[in-house]
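K.L.:
return a 3D structure for these sequence lines:
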Amino acid sequence: MPRISANRAFTIAEVMIAATVMLMLFGALFFICHQATRAMLKGASQSGMLADVQVLGQRWRNAVQKSREDSLSMTANSQAMAILSAEDDNGRFQYEVGATQPRWQEYLIFYHVPTERLLKTRSVSVLGTSRELASGPIETYASGDPLEDYLFDGKGVLRRVDQLAFSQPEPSTLKLSLSLSEKGSHSQRPESLSLTILATFRN
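P.N.:
Residues are numbered from 1 along each chain as shown. Sure thing, here's the model as predicted:
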């Protein structure tokens, strides 16, 4: 009976089979790691956009709640709005002395700039005018310019905004609809986020 040597070398066929198996394992491992990385980056991108929207949404909702519906103005394209605010530079709500009515400080304007993919805000002071005690839309203030004439020199408060619309689905309620996107560094397909924020006038 022939004896088999313990020092017998691997054949070329065996080496090739082993190499093929190793390549398949490495390929599967790479695919799993790649998918996991993409999922992690997607989650981080969407989480970042959601956090930004939540901050902006809270600020916008608070401004609406503390304003008056009869001061509301919106542009025909639904991409800009203005309301009165009674908060001073320190964030304190101002009242008329000896009365419970607000003492208005400024108009707050929110508007979308599609070419810059930015939501911007600016303010127009009403201090020292009759508008401090009498609420009304911005079109009836000062020289009576339309809201469109105030959409400049704003400060960006939300980036990556592809689409935005302000609307009033019912009395005393405002709706802000947003669509954002961001192209990830590891994907040709942009990550996107769409949501709606509601706010109610309390005054």
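K.L.:
now do the same for the spatially most central residue of the chain: its pLDDT.
P.N.:
Centroid-nearest residue in the chain, with Cα atoms, centre = their mean: Val53, separated by 3.4 Å. On the pLDDT scale, Val53 is placed at 93.
K.L.:
tell me if I'm right that it and Leu158 touch.
P.N.:
Yes - look at Val53 against Leu158 with Cβ atoms under 8 Å: they come within range, at 6.9 Å. (Glycine included, C-beta is placed from N, CA and C.)
K.L.:
and the residue nearest to Ser78 when sequence neighbours are not counted, how many residues sit next to it?
P.N.:
Nearest residue to Ser78, sequence neighbours excluded (Cβ to Cβ, 6 or more residues apart in numbering): Ala165, at 4.3 Å. Number of residues near Ala165 (other Cβ atoms under 10 Å) recorded here: 15.
K.L.:
could you dump stretch 159-175 to CSV, C-alpha only?
P.N.:
Output of stretch 159-175 as CSV, limited to C-alpha atoms (Å, rounded to 0.1, in the frame of the first residue of the first chain):
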residue,chain,number,x,y,z
ARG,A,159,-29.5,76.0,3.8
ARG,A,160,-30.1,73.4,1.1
VAL,A,161,-33.7,74.5,0.6
ASP,A,162,-34.9,73.4,-2.9
GLN,A,163,-38.6,74.2,-2.5
LEU,A,164,-40.6,76.2,0.1
ALA,A,165,-44.1,77.4,0.3
PHE,A,166,-46.1,79.4,2.9
SER,A,167,-49.8,78.9,3.0
GLN,A,168,-52.9,79.4,5.2
PRO,A,169,-55.0,76.2,5.1
GLU,A,170,-57.5,77.6,7.5
PRO,A,171,-58.1,80.7,9.6
SER,A,172,-55.5,81.4,12.3
THR,A,173,-53.2,78.6,10.9
LEU,A,174,-50.1,78.9,8.8
LYS,A,175,-48.3,76.0,7.0
